[in-house]
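what would the 3D arrangement of this be:
(chains A and B)
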Amino acid sequence: MGNKVKTAISPTREEDYPMWYQEVVKASEMAEKSSVRGCMVIRPWGYTLWENMVAILDAEFKETGVKNAYFPLFIPLSYLEKEAEHVEGFAKECAVVTHHKLEQGPNGGLVPAGELAEPLIVRPTSETIIGESMSRWVSSYRDLPVLINQWANVVRWEMRTRIFLRTSEFLWQEGHTAHATEEEARQRTSMMLDVYTKFVEECLAMPVVKGRKSESERFPGAVDTTCIEAMMQDKKALQAGTSHFLGQNFAKGSDIRFQDADGKDQFAWTTSWGVSTRMIGGMIMTHGDDDGVIMPPRVAPAHVVLLPIFRNDEEKKDVMEYVNSLAGELRQILYHDRKIVVEIDERDTGGARGWEWIKKGIPVRAEIGPKDVEKNAVFAARRDRTPKEKSSIARSDFINGMVEMLDEIQATLFKRAKDFKDSNTHQIDDKNKFYDFYKSKEGIHGGFVMAHWCESLDCEAKIKEDLSVTIRCIPFDSPEESGKCIYCGGKSQKRVLFAKAY
RNA sequence: CGGGAUGUGGCUCAGUCUGGUAGAGCACAGCGUUCGGGACGCUGGGGUCGGAGGUUCGAAUCCUCUCAUCCCGACCA
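Numbers count the residues shown, from 1 in each chain, chains lettered A, B, ... in the order given. Alright, predicted model coming up:
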């Protein structure tokens, strides 16, 4: 070992980032690969996190007038064909249902039978089937806007999968709205991106860059795709949420028409927006360290774990009494509209017990033994500090300071991530420097580069081919300034965000 | 779909070349000693070696077929 600190996760981020990620997910017991190819099992520690995310987002959506609904998992093939670019975008990764029953096969096994007249696809996204409903719901401008969201699973048959980041089946939320005017639809698009930004920054403690996708990265069928991009600790970009302005493309495909106030027939303007379980992967890669996950308190499955320490039944009795009453008091406290969640882990598994909670990323750990009972104190540690940093805190201070401590942890995580992102974001104006910056193919390197771009698809494609670096977005806050395209030297008015991406 | 590789207890893997009915570490269970701490000792449970067929007195080991998975490429973000 020497002076090297022993870490709970091996390899470390430095040694092998992708492997580190896999190990963290496994060690935290958040999820695991299932025996079904490309699909994951989300375990309680991961699913509770998701439920917390859902609860917050759901309330925010409703705040803006959106209502939840549910649409079929199966989409008739013909629906998908309604929007040309859309089909092209998704056709390659669709699961297709062709039969409706099983029969005994010649070798004893079951074989599909009863071929369907029209194949059904398992939804990769629901624009077309929700559009079909909307077309029937909307006939007058008085019926607009329609503001719908659904929480659902979707399937995209991915070739290479990574748990949470890209799985064949994943959980998400997809909002779909229809409006009478372009302006209103555009406003909705940006309003929902703002909802995502606020959630991701405040609750997941992940700083993001807000912007618009270049044409090549746009959602199939969209007029405009806006997004939030976050930086992972390997300095790659991860799209954490998207909001699309679909223009009238899908309204035309699905025939969503209405009569306006002047009695004229018009196509509606639609939007769609979504975030998925992918955010969980992003959160892990933003905050996790070589000891495992670090849960931001706002969404943590649990806030505090109490670890009773005792040697015999007598000590156990005293300690447990103290622990239970402490837990009871903590559970009364509200932390951002949610009661503090306290775990009590009285397993007698020695030191391994504490490390399990570190790996799970619980924000606060407190060891409580006879000495603490005697002193009316707790021996507490925070997940945003090193494992060895523990200190004795008076019981009342621990309780009264809990909300503040959690907020501090939340703030620390955000600041740490923001500093990391900022210090790894550079402005580069020279093509050679740009290439040198991204040249290395292995390990943790690179970062975000703000550089000029002439808006040519060709320049973008060449850079992608040479460096696997793409335009993540054209940031909204990128100021107007004259410059030269980083690839061809052509005229440019704005810097765009380049990075390697997940 | 093209190239490469692997399938042995829950996990990681040895054994396969030189056939003789299975091993290690970790994990798990019990007991004990420890312990403000990812500990130690002893004991124990658990696999028939991806599947099918073949060669052989005898196959995890050889042959054939098959299934699955992983990596690279392609494809996708």
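
need the three-state assignment for A:T225.
strand (DSSP: H, G, I helix; E, B strand; the rest coil).

that one contacts A:L246, doesn't it?
No: at 9.5 Å, A:T225 does not count as touching A:L246 under the criterion of Cβ atoms under 8 Å. Yep, even glycine has a C-beta here, placed from its N, CA and C like the rest.

in terms of helices and strands, where is the most centrally placed residue in chain A?
In chain A, the residue lying closest to the centroid (Cα atoms, centre = their mean) is A:M279, at 1.0 Å. Element membership for A:M279 (DSSP states H and E) is helix A:278-287.

and for that helix, what's in contact with it?
Contacts of helix A:278-287 with the rest of the structure, by Cβ atoms under 8 Å, 6 or more residues apart in numbering, involve A:21, A:24-25, A:28, A:30, A:46, A:49-50, A:53, A:162-166, A:170, A:200, A:204-206, A:230-234, A:238-241, A:293-296, A:299, A:361, A:413, A:416-417, A:502.

now with 7 Å, please.
Helix A:278-287 is contacted from outside by A:21, A:24-25, A:46, A:49-50, A:53, A:164-165, A:170, A:204-206, A:230, A:232-233, A:238, A:240, A:293-294, A:296, A:413, A:417, using Cβ atoms under 7 Å, 6 or more residues apart in numbering.

is it in proximity to RNA strand B?
No: Helix A:278-287 stays clear of RNA strand B (Cβ under 7 Å from any atom of the strand), getting no nearer than 8.4 Å.

run the chain-centre distance for that helix.
6 Å (Cα atoms, centre = their mean, to the nearest Å).

now do stretch A:369-380
With Cα atoms, centre = their mean, you get 39 Å for stretch A:369-380.

between the two ends of it, how far is it?
End-to-end distance for stretch A:369-380, by Cα to Cα, to the nearest Å: 12 Å.

pull out the buried positions in that stretch.
Going by neighbour count (16 or more other Cβ atoms under 10 Å), the buried part of stretch A:369-380 is A:G369, A:P370, A:D372, A:V373, A:A377, A:V378, A:F379, A:A380.

beta partners of the fifth one?
Judged by DSSP bridges, the bridge partners of A:A377 are A:A394.

for the helix or strand containing A:E374, packing partners?
Assigned by DSSP H and E, A:E374 falls within helix A:370-375. For helix A:370-375, the elements it packs on are helix A:313-330, judged by 3 or more Cβ pairs under 7 Å, 6 or more residues apart in numbering; DSSP states H and E.

hey, where'd the strands end up in the stretch 51-200 of chain A?
Taking DSSP state E, counting those that start in this stretch as the test, the strands found in the stretch 51-200 of chain A are A:67-68, A:74-76, A:96-104, A:110-122, A:146-155, A:169-179.

the second one packs against which elements?
Think strand A:74-76. Secondary-structure packing of strand A:74-76 (3+ Cβ pairs under 7 Å, 6+ apart): strand A:110-122.

okay, the residue in the stretch 51-200 of chain A positioned nearest to RNA strand B: pLDDT?
In the stretch 51-200 of chain A, the residue that lies nearest RNA strand B is A:M159 (3.8 Å; Cβ to the nearest atom of the strand). With respect to pLDDT, A:M159 has a value of 80.

how much space between it and A:T242?
21 Å (Cβ to Cβ, to the nearest Å).

those two - which one has more neighbours?
Comparing A:M159 with A:T242 by other Cβ atoms under 10 Å, the one with more neighbours is A:T242, at 23 against 9.

thinking the more buried one is in contact with A:E229, fair?
No: counting by Cβ atoms under 7 Å, A:T242 stays clear of A:E229, with 10.0 Å between them.

residues in chain A within reach of RNA strand B, list them.
Residues of chain A lying near RNA strand B (Cβ under 7 Å from any atom of the strand): A:6-8, A:37-38, A:89, A:92-93, A:158-161, A:166, A:217, A:220, A:239, A:291, A:307, A:309, A:311, A:348-352, A:354-355, A:367-372, A:379, A:387, A:468, A:501-502.

buried ones among those residues?
A:7-8, A:38, A:89, A:161, A:166, A:217, A:220, A:239, A:291, A:307, A:309, A:354-355, A:367-370, A:372, A:379, A:387, A:501-502.

take those and keep only those in helices.
Under the assignment DSSP state H, those contribute A:G89, A:G354, A:W355, A:P370, A:D372 to helices.

looking at the residues you listed, which gets the smallest pLDDT?
Least confident by pLDDT among these: that is A:G89, with 85.

could you measure from that residue over to A:T271?
Remark: distance between A:G89 and A:T271 (Cβ to Cβ) = 17 Å.

for A:V25, same thing?
33 Å.

quick one: which of the two has more around it?
A:T271 (29 against 26).

that one and A:T189 touch, don't they?
Yes: if you go by Cβ under 7 Å, A:T271 and A:T189 touch, sitting 4.8 Å apart.

for whichever residue of the stretch 201-350 of chain A sits closest to RNA strand B, which non-adjacent residue is spatially closest?
Taking Cβ to the nearest atom of the strand, RNA strand B has its nearest neighbour within the stretch 201-350 of chain A at A:I309, 3.5 Å off. Nearest residue to A:I309 in three dimensions, chain neighbours excluded: A:G369, at 3.5 Å (Cβ to Cβ, 6 or more residues apart in numbering).

identify the residues contacting the one you found.
By Cβ under 7 Å, 6+ apart, A:G369 lies in contact with A:I309, A:F310, A:V319.

equivalent analysis for A:L204, please.
With contact set as Cβ under 7 Å, 6+ apart, A:L204 has these partners: A:M279, A:M283, A:P296, A:V299.

please enumerate the helices of the stretch 1-150 of chain A.
A:17-27, A:44-63, A:77-80, A:84-90, A:127-137 (DSSP state H, counting those that start in this stretch).

most proximal residue of chain A with respect to RNA strand B?
Counting by Cβ to the nearest atom of the strand, chain A gets nearest RNA strand B through A:G351, at 1.6 Å.

what's near enough to touch that residue?
A:G351 sits next to no residue when contact means Cβ under 7 Å, 6+ apart.

quick revisit: over to the residue of the stretch 51-200 of chain A closest to RNA strand B: give its phi and psi.
phi -80, psi -50 (degrees, to the nearest 10).

cool, and A:I309?
Dihedral angles of A:I309 (phi, psi; degrees, to the nearest 10) stand at phi -120, psi 130.

looking at it, it is touching A:E367, isn't it?
Yes: contact criterion Cβ under 7 Å: A:I309 and A:E367 qualify, at 5.8 Å.

A:T225 and A:L246 - which one has more neighbours?
A:L246 (28 against 25).

now for that one: which residues touch it?
Contacts for A:L246 (Cβ under 7 Å, 6+ apart) come out as A:G221, A:A222, A:V223, A:T270, A:T271, A:S272.

how about a cut-off of 6 Å?
A:L246 is in contact with A:A222, A:T270, counting by Cβ atoms under 6 Å, 6 or more residues apart in numbering.

give me the secondary structure label for it.
Secondary structure state of A:L246, per three-state DSSP, is strand.

can you give me the strands in the stretch 401-502 of chain A?
Using DSSP E, counting those that start in this stretch, the strands of the stretch 401-502 of chain A run over residues A:425-427, A:448-452, A:470-475, A:483-484, A:491-492, A:495-499.

circling back to that earlier point, hmm, who's touching the helix holding A:E374?
A:E315, A:D318, A:V319, A:Y322, A:V378, A:F379.

try stretch A:322-342
When contacts are defined by Cβ under 6 Å, 6+ apart, stretch A:322-342 is touched by residues A:298, A:302-304, A:306, A:308, A:344, A:368, A:373, A:399, A:402-403, A:406.

quick check: domain ranges of chain A?
Using automatic domain parsing, the domain parsing of chain A gives A:17-86+A:125-287, A:304-418, A:424-499.
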